[in-house]
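Participant: Quick one, what's the 3D model for this:
(chains A and B, ligands or ions: 2)
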Amino acid sequence: MSFITIEKVSKEYATTRALNGVDCTIGSGEWVNIMGPSGSGKSTLLNILGGLDRPTEGIVTINSTDINRLSEDELARFRRETIGFVFQQSHLIPYLDATENVMLAQYFHSIPDRGEAEEALKRVGLGHRLRHRPAELSGGEQQRVGIARALINNPNLLLADEPTGNLDRSNTRNILELLKELHAQEKFTVVVVTHDPFVSQWARRVISMEDGRIIRDEPVRS
Amino acid sequence: MLFNILKRSFLNQKRAMAVMIVSVAVGTAIAASLLALSFDISSKVSRELRSFGANIVVQPRITGLAGVSGQKRYLREADIPKAKTIFWRHNILGVAPLLVVRDEKQNAQVLGTWYLRTIALPGEKKGFDTGASTVMPWWSIEGKWPAGDSEILAGIGIAEKKNLKIGDRVAVGGRQLRISGVLNAGGREDDMFVGELATVQLLYGLPGRISQVAVSALTTPMDDFAYKDPATMSRKEYEKWYCTGYVTSIAKQLEEVFAGSVARPIWPVAEAEGNVLSRLELLIILLTAVSLLAAALGISTTMIMSLLKRTEEVALMKGLGANTLQTVTVFLSEALLIGLAGGAVGYLLSLGISSYLGYQVFGTALEQKGMLLPISIGVSEVISVLGAYLPIRRALRIKPAIVLKGGQ
Ligand SMILES: Nc1ncnc2c1ncn2[C@@H]1O[C@H](COP(=O)(O)OP(=O)(O)OP(=O)(O)O)[C@@H](O)[C@H]1O
Ligand SMILES: [Mg+2]
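Facilitator: Ligands and ions are numbered 1, 2, ... in the order given. Purely as a prediction, here's the structure:
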């Protein structure tokens, strides 16, 4: 059975139909990229997969849970136990240092553990930046803190929305190499939204969207 | 971790925090001072109101044939110290024995009382100073209170009618007495001769007798329960009634110690006092509520402003999986901390405000200083939790998706 099942999912806003009958399945441990022009519904789909938003129609099953049936608090619990998010803006809390930003995810999940948080930062190559505030970190470093935070609670699903959108080529390469390495070790499922073809080289499968629909879904030749 | 978040978030928005702490502090100081004042005001004001004279009168109980035949009944002077042995003895501020007799020759009444007497109390070192001068403090005497049993006062009315002056001699009770002064009491006493109780008892052959006792007592304002008929009360209710300082229960207790007596509240006095007190308390409660609300509003607006700046932060916390309880915990603990800090500052302020109020209103400091700290902390926590209510509701409504949507 597949890890993620998306059936006839639509999302309507007051004036727009952001998703228009999306069907798709993703297997456990897969690395999938979602590509498409601006406004095609990529972020909307990703937010629904992460339980940040609810579809207007259709069913989303993740790890055998119909997430549309969950209450707000159950959804929050689903997010902290199953999902890791990486955003384009790193969304770090400005007044907490790198370690504390990672510990924040531990705090809402269970019990903060400084040693574990520092270990996670070392794994993303930030052992020398543990006490730095976000403002004192480069964009690439901030994104690494975001990745450490996303993975600290061992999620089954890593969702990343333009994780390298603010980064230059070499930083993009470093971040994706890091993700690839962590993916190889931890075997979580990865869904990355991007419109950068360069990023697609890291995926095994690319889903292309347009006007709220999937128009292509094909494996990547490496 | 929570503490860390709070500490950092405090340091990160010093200005907003300072504004909130100050508004809690000011609200707390005002509310706590008013509350402390209201605890004091009952006792202080009713003490002041007591200068309007007796609110309970104890008279002989007239029963059976005695009532029909118009026979005179008396109370015993010896029972007076017992008024200070009842359950509410500390509320008895003054007692004055009154013996009224009719002098046929003068065609006037003669009143005997104590002017100022110290009565020894069983088991207490200090005696109890009482008499007409404490129960009827408005009595004004031109000249002197009679010294010894050959002197008497003339009421101002009778003095005018009979053209009597200080130093004149007058025949009262079959003896020639010297007028030592003229009494202006503004009441029935103005048409009487007034003398020392012992003198009047001697003149009319009524040793140890008195016709009534005027009592001035501090009382608890009457409430609905107080008006219940004690005869219909359950044992428990009766006990509660008996042990509350209502004018009726104090009267009942006085009745128990004066042999053959009936004690009644002087209703106009007792009721006027009760009204003044309950209105005063209502006023203070309203003022307190207003200052609480104003402070809570102050916090609420500042907190909402700070929350608007932190929308992304709240969305992120939710994205990381914070549920309702966890979100509330973060903001409520922030509010409680602000409350604690504001309460501490407010306490210091209220020390100043309450002594100022005390001196302005009563001319002395408030007695309830010790309660200010717990009141301040309590009040400030109420303010900040009240103030945090709307911001927290708003925080709970923040949708993570809208804020965290990547790409743009
Ligand atoms: N909260 C919203 N209210 C109304 N319309 C919205 C909202 N969020 C998204 N939309 C609309 O839905 C459509 C899809 O938006 P979405 O953010 O999913 O696009 P995207 O593929 O992520 O684009 P980009 O590459 O620019 O990030 C757009 O037309 C957008 O204007
Ligand atoms: Mg997007």
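Participant: Show me where chain A has its helices.
Facilitator: For chain A, the helices defined by DSSP state H occupy A:42-49, A:72-82, A:98-109, A:114-123, A:139-151, A:169-186, A:197-200.
Participant: Pick the most deeply packed of these.
Facilitator: helix A:42-49 (a mean of 26; mean count of other C-beta atoms under 10 Å in any protein chain shown). Glycine gets a C-beta too; all of them are placed from N, C-alpha and C.
Participant: Is that one in proximity to ligand 1?
Facilitator: Yes - counting by C-beta under 6 Å from any ligand atom, ligand 1 is contacted by helix A:42-49 at A:42, A:43, A:44.
Participant: which of these lies closest to residue A:102?
Facilitator: Proximity to residue A:102 was ranked across those by C-beta to C-beta; first place goes to residue A:43, at 24.1 Å.
Participant: The closest one and residue A:165: what is the separation?
Facilitator: Residue A:43 sits 11 Å away from residue A:165, going by C-beta to C-beta, to the nearest Å.
Participant: Could you do residue A:61 as well?
Facilitator: Distance, residue A:61 to residue A:165, using C-beta to C-beta: 29 Å.
Participant: between the two, which one's more packed in?
Facilitator: Taking other C-beta atoms under 10 Å in any protein chain shown, residue A:61 and residue A:165 do not tie; residue A:165 has more neighbours (21 against 18).
Participant: Neighbours of the nearest residue to the more buried one once chain neighbours are set aside, how many?
Facilitator: The spatially closest residue to residue A:165, leaving aside those adjacent along the chain, is residue A:88, at 4.2 Å (C-beta to C-beta, 6 or more residues apart in numbering or on different chains). Here the number of neighbours of residue A:88 (other C-beta under 10 Å) works out to 23.
Participant: so who does residue 19 touch?
Facilitator: Picked chain A for this. Residues in contact with residue A:19, defined by C-beta atoms under 8 Å, 6 or more residues apart in numbering or on different chains, are A:9, A:10, A:11, A:41, A:44, A:45, A:48, A:55, A:212.
Participant: Wait, chain B was what I had in mind.
Facilitator: So residue B:19 contacts B:298, B:302 (C-beta under 8 Å, 6+ apart).
Participant: What are the contacting residues of the worst-scoring helix or strand of chain A on mean pLDDT?
Facilitator: When each helix and strand of chain A is scored by mean pLDDT, DSSP states H and E, helix A:197-200 comes last, with a mean of 88. By C-beta under 8 Å, 6+ apart, the residues outside helix A:197-200 that reach it are A:33, A:35, A:164, A:169, A:172, A:176, A:192, A:194, A:206, A:220.
Participant: swap the cut-off to 6 Å and go again
Facilitator: By C-beta atoms under 6 Å, 6 or more residues apart in numbering or on different chains, the residues outside helix A:197-200 that reach it are A:33, A:206.
Participant: before we move on, back to that, test my guess that the residue nearest to residue A:165 contacts residue A:164.
Facilitator: No - using C-beta atoms under 6 Å, residue A:88 makes no contact with residue A:164, being 8.3 Å away.
Participant: Count the neighbours of residue 22 for me.
Facilitator: Since you didn't name a chain, this refers to chain A. There are 23 residues near residue A:22, going by other C-beta under 10 Å.
Participant: hm, I was asking about chain B
Facilitator: Residue B:22 has 17 neighbouring residues, counting by other C-beta under 10 Å.
Participant: Could you do residue B:133 as well?
Facilitator: Residue B:133 has 18 neighbours, counted by other C-beta under 10 Å.
Participant: Need the nearest residue in space to it, chain neighbours excluded.
Facilitator: Of all residues not flanking residue B:133 in the chain, residue B:116 sits nearest, at 4.7 Å (C-beta to C-beta, 6+ apart).
Participant: and if you look at residue B:196?
Facilitator: In space, residue B:196 is closest to residue B:146, 5.4 Å off (C-beta to C-beta, 6+ apart).
Participant: how about stretch B:371-378: buried residues?
Facilitator: B:371, B:372, B:373, B:375, B:376, B:377, B:378 (16 or more other C-beta atoms under 10 Å in any protein chain shown).
Participant: that's a helix at the first one, yeah?
Facilitator: Yes - with the criterion set as DSSP: H, G, I helix; E, B strand; the rest coil, the secondary structure at residue B:371 is a helix.
Participant: about what we covered before: what is the nearest of the residues of helix A:42-49 next to ligand 1 to ligand 2?
Facilitator: In terms of C-beta to the ion, no member of the residues of helix A:42-49 next to ligand 1 lies closer to ligand 2 than residue A:43, at 3.1 Å.
Participant: what about residue B:97, helix or strand, and which?
Facilitator: Using DSSP states H and E, the element containing residue B:97 is strand B:92-103.
Participant: can you put the contacts of residue A:19 in TSV and add pLDDT and distance to chain B?
Facilitator: Output for the contacts of residue A:19, formatted as TSV (pLDDT from 0 to 100; distance: C-beta to the nearest C-beta, whole Å):
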residue	pLDDT	distance to chain B
A:9	96	15
A:10	96	16
A:11	95	10
A:41	93	11
A:44	93	8
A:45	95	11
A:48	95	9
A:55	95	12
A:212	94	15
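Participant: show me what contacts the residue nearest the centre of chain A?
Facilitator: In chain A, the residue lying closest to the centroid (C-alpha atoms, centre = their mean) is residue A:159, at 1.6 Å. By C-beta under 6 Å, 6+ apart, the residues touching residue A:159 are A:46, A:50, A:85, A:191.
Participant: Just flag the most distant two among those residues.
Facilitator: Maximum distance among the contacts of residue A:159 (C-beta to C-beta): 10.7 Å, for A:85 and A:191.
Participant: more crowded one of these two?
Facilitator: Ranked by neighbour count (other C-beta under 10 Å), residue A:85 and residue A:191 place residue A:85 first, with 28 against 23.
Participant: Please determine how far that one is located from ligand 2.
Facilitator: 13 Å (C-beta to the ion, to the nearest Å).
Participant: From chain B, how far out is that residue?
Facilitator: 6 Å (C-beta to the nearest C-beta, to the nearest Å).
Participant: immediately after the helix or strand bottoming out on mean pLDDT in chain B, which helix or strand?
Facilitator: Ranked by mean pLDDT, DSSP H and E, the weakest helix or strand in chain B is helix B:64-69, scoring a mean of 62. Per DSSP H and E, helix B:64-69 leads on to strand B:75-76 as the next helix or strand towards the C-terminus.
Participant: average model confidence for that following strand?
Facilitator: Averaging pLDDT along strand B:75-76 gives 92.
Participant: in its sheet, what does that strand sit against?
Facilitator: In the sheet, strand B:75-76 lines up against strand B:209-210 (antiparallel) (DSSP bridges).
Participant: Show me the domain layout of chain B.
Facilitator: Split into domains by automatic domain parsing, chain B comes to B:2-47+B:274-404, B:55-265.
Participant: how about those in TSV, adding distance to ligand 1?
Facilitator: Shown next, in TSV, are the domains of chain B (distance: least, C-beta to the nearest ligand atom, whole Å):
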stretch	distance to ligand 1
domain B:2-47+B:274-404	6
domain B:55-265	59
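Participant: Figure out which of those is closest to residue A:111.
Facilitator: Between residue A:111 and the domains of chain B, the tightest spacing by C-beta to C-beta is seen for domain B:2-47+B:274-404, at 11.5 Å.
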